[in-house]
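Chemist: just the structure for this:
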Amino acid sequence: MDNKERKQEEQNLELTANYLNKTIEKMETNIFEDMEKIKEFRKYAWENKGGMDAQELNSVRTSDEQEARRLLRERDYFKKLLKIKDSPYFASIVVDDETKQKQKIYIGMTYLKDEEKNNLIYDWRAPICSLFYDYESGPCSYEAPMGIISSYLYQKRQYKIENQKLLRIIDSSINIDDDILQEVLAEASTEKMKNIVTTIQQEQNNVIRNTKDLHLIVQGIAGSGKTSVALHRIAFLLYKIKNLTSEKILIFSPNQIFTEYISNVLPELGEENTLQTTFHDYLNKRITEYKHVESYIDFLNRHYEEGKENSELLKYKQSNAVMKDLEDFVHHLEDTITFQEDILENKVYFYSKEELNNLFKNRYSSLLFFERISAMALKFSENNYKGSSKKKATYQKLLLDSLHLKKDYRKLLMLFYQSPFFKGNITEKEIQKLNNTKEIAYDDALLLLYLKGLMEGFYYETYIEQVVIDEAQDYSYLQYVILKNIFKKASFTILGDVNQNINPFYHYESLKELATLFNGKYLELLKTYRSSEEIVEYANKILDLHHVCAIRKEKHKPVVIRNTKETLLSDVKHLKEKYKSLAIIIKNKEQAEELYELLKKEIEISFVDKETTDFHKECVLIPVYLAKGLEFDSVIVYQDKDSFFTEEEKNLYYVAVTRAQHELYIYHV
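Modeler: From the prediction side, this is the model:
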């Protein structure tokens with residue numbers, strides 16, 4: 001561009017930066033003064049509360065709460081301004097305004113308005129800013145609160161700004177696959193995941209800004225930015241949906257390592273971190289019949305370490321078919337069980353078994369099994385004790401005794417396994433183990449939780465409005481049915497990759513199955529931003545994939561194949577010197593521990609297991625099933641005679657090699 005245009009850009013940055021600096025200074029003073037006023041106000045209210053009536057006290061409390069909320073909003077915005085101080089904006093677009101006059105829009109991480117309430121900077125989540133991510137130069141449109149706005153995009157521009165100084169300007173009127181994006185991709189990976197606001201691509205933006213569909217199911221290949229997209233979608237929804245707060249959003253993560261890895265993204269975007277959990281945490285909370293519940297990671301480790309399981313039985317226990325069989329078992333129980341004796345409470349209140357059966361089979365037949373018992377017991381207590389529920393528990397025990405049944409889900413699950421409804425080949429010893437152990441296996445725990453839901457209803461989470469599930473392929477259809485019942489009013493964003501399935505006993509042909517279950521929108525992410533073209537080509541051959549497109553452009557670095565471990569130490573030292581992060585990935589924990597004992601004598605290296613919550617990526621040794629979702633500058637996939645990937649484990653192998661960004665070494669020892 002000519003000097004005049006560059007000077008205009010430099011002047012705009014200077015004016016914006018000056019106004020931003022003054023705003024920050026002013027807000028800092030105002031917030032301090034407001035806090036002092038609130039303290040004085042509360043002190044006054046406390047000292048004079050004795051002379052106030054109830055109405056005055058309520059008015060004081062309401063005023064105090066409103067002022068506190070206002071101050072909290074001010075502080076949140078103040079923190080956002082501090083984050084953008086060094087680099088106020090990262091892009092601009094020139095478009096037609098309502099009068100068809102050209103309007104220049106500067107885009108940043110948050111907004112900034114002048115005294116006349118004109119936008120100096122637009123928040124990247126503002127409707128008009130979607131044009132930057134979705135369109136090339138030419139006719140365009142965006143969805144505003146008043147409807148679809150048609151416009152014309154004349155110019156797209158990106159900026160490199162540091163310390164309020166303009167370092168570089170890039171006109172990107174064709175697309176944003178190059179320049180800034182390639183610069184970002186070329187950077188070394190960091191300890192924590194970074195935000196991608198400056199380089200969001202159109203297919204990613206379609207997921208982030210979708211508010212038309214209640215539920216989204218996203219199939220994204222390895223390195224397509226699924227997790228980043230999910231987190232930016234959360235930031236967008238917090239901006240877009242009134243009264244939605246971080247405390248009303250729940251993320252299901254694959255493990256604690258991953259939770260820690262993504263912990264920086266939302267704060268970088270100016271939002272608080274949301275609630276986070278794992279499905280195992282949920283199982284632990286809801287299954288009280290056992291002291292321990294086996295986690296998904298332990299379940300996988302048990303298989304890859306020992307491999308002694310009854311594979312056909314495990315496939316059946318996690319299949320969609322077992323759900324129908326369990327439902328049929330419960331319905332059969334409801335239809336055939338009967339009260340065997342009359343009940344007499346307090347030697348006064350008598351109910352015949354015929355009356356009890358009539359109530360159970362007819363009047364309360366719309367309720368679930370134990371809900372019927374509860375409703376009958378409450379009714380009897382209220383009828384006989386002047387509307388009181390104090391005898392409800394007494395009646396529940398009498399009713400269950402008459403049925404010759406205990407509310408014991410251990411025994412009920414055993415009963416299902418012994419019934420003709422259960423189609424799996426299970427031994428009596430395996431069934432009895434359920435009753436004699438303190439720990440329940442992962443596959444049994446899922447069925448136990450579903451059984452509880454079928455017989456007494458699912459625990460209903462009313463507070464959560466948005467649920468985000470990452471690594472969707474690791475959850476069986478049964479788990480989604482359970483989650484759908486628990487979070488009945490929540491919207492779901494579910495992201496995964498069927499190619500990265502590492503559960504040998506359950507596999508989706510397509511995540512479209514979940515779109516049918518949730519009646520949601522199915523979208524795909526088909527570009528990978530993580531790995532070099534050579535690594536992507538190598539990974540594609542593993543699963544015979546043809547649609548994966550590599551975006552990263554860098555010098556030709558072929559995948560290195562080694563057949564002896566003699567060079568392992570020198571390769572590790574070389575990659576450690578060259579890059580900021582290196583992962584040595586191995587199939588299972590036992591071999592990983594052995595290799596770790598050898599390497600730690602020679603180099604500084606950390607070992608990651610399921611107990612790890614925080615680690616440095618500089619040099620790690622990690623089992624493959626814990627590496628999902630993570631990425632490293634360089635990766636060594638190590639296999640020896642005890643830990644090679646078989647044909648049946650090709651998805652696991654695919655996960656291992658797709659962790660690499662720049663260089664990949666494969667060891668076949």
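Chemist: can you get me a residue count around residue 406?
Modeler: Using other CB atoms under 10 Å, residue 406 has 12 other residues around it. In short, each C-beta sits where N, CA and C put it, glycine included.
Chemist: check contacts around it.
Modeler: Taking CB atoms under 8 Å, 6 or more residues apart in numbering, we find residue 406 in contact with residue 400.
Chemist: pLDDT-wise, which helix or strand of the protein ranks last?
Modeler: Using mean pLDDT, DSSP states H and E, helix 180-186 stands out as the lowest-scoring helix or strand of the chain, at a mean of 57.
Chemist: other SSEs contacting the helix or strand just after that one?
Modeler: Counting by DSSP states H and E, the next helix or strand C-terminal to helix 180-186 is helix 202-208. When contacts are defined as 3 or more CB pairs under 8 Å, 6 or more residues apart in numbering; DSSP states H and E, helix 202-208 packs onto helix 130-134, helix 226-240, strand 521-525.
Chemist: what helices or strands is the first one leaning on?
Modeler: Spelled out, it's helix 130-134. With 3+ CB pairs under 8 Å, 6+ apart as the test, helix 130-134 has strand 91-96, strand 138-144, strand 147-162, helix 202-208 packed against it.
Chemist: residues of that helix that come out buried?
Modeler: Across helix 130-134, burial judged by 16 or more other CB atoms under 10 Å covers 130, 131, 132, 133, 134.
Chemist: tell me the pLDDT of the first one.
Modeler: Going back to what we said before, that points to residue 130. Residue 130 carries a pLDDT score of 94 in this model.
Chemist: report how many residues lie close to the residue lying closest to it once chain neighbours are set aside.
Modeler: Closest residue to residue 130 in three dimensions, ignoring its sequence neighbours and counting by CB to CB, 6 or more residues apart in numbering: residue 142, at 5.0 Å. A count of nearby residues for residue 142, using other CB under 10 Å, gives 18.
Chemist: would you check that residue 142 makes contact with residue 152?
Modeler: No: with contacts counted by CB atoms under 8 Å, residue 142 stays clear of residue 152, the gap being 12.0 Å.
Chemist: give me the number of residues near the closest residue to residue 617 other than its chain neighbours?
Modeler: Among residues not flanking residue 617 along the chain, residue 581 sits closest, at 3.9 Å (CB to CB, 6+ apart). Neighbourhood size, residue 581 [other CB under 10 Å]: 23.
Chemist: ok, residue 581 to residue 631 distance?
Modeler: Spatial separation of residue 581 from residue 631 under the definition CB to CB, to the nearest Å is 8 Å.
Chemist: now render the buried residues of helix 130-134 as JSON lines, adding distance to residue 668.
Modeler: Below are the buried residues of helix 130-134 laid out as JSON lines (distance: CB to CB, whole Å):
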{"residue": "130", "distance to residue 668": "48"}
{"residue": "131", "distance to residue 668": "50"}
{"residue": "132", "distance to residue 668": "46"}
{"residue": "133", "distance to residue 668": "43"}
{"residue": "134", "distance to residue 668": "45"}
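Chemist: picking up where we left off before, isn't the residue nearest to residue 617 up against residue 622?
Modeler: No: with contact defined as CB under 8 Å, residue 581 does not reach residue 622; the gap is 11.5 Å.
Chemist: turn the helices and strands packed on helix 202-208 into CSV, columns for distance to residue 387.
Modeler: Below are the helices and strands packed on helix 202-208 laid out as CSV (distance: least, CB to CB, whole Å):
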stretch, distance to residue 387
helix 130-134, 58
helix 226-240, 45
strand 521-525, 49
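Chemist: of these, which approaches residue 297 most closely?
Modeler: Closest approach to residue 297 among the helices and strands packed on helix 202-208 is made by helix 226-240 (18.1 Å; CB to CB).
Chemist: what distance separates that closest one from the centre of its chain?
Modeler: 11 Å (CA atoms, centre = their mean, to the nearest Å).
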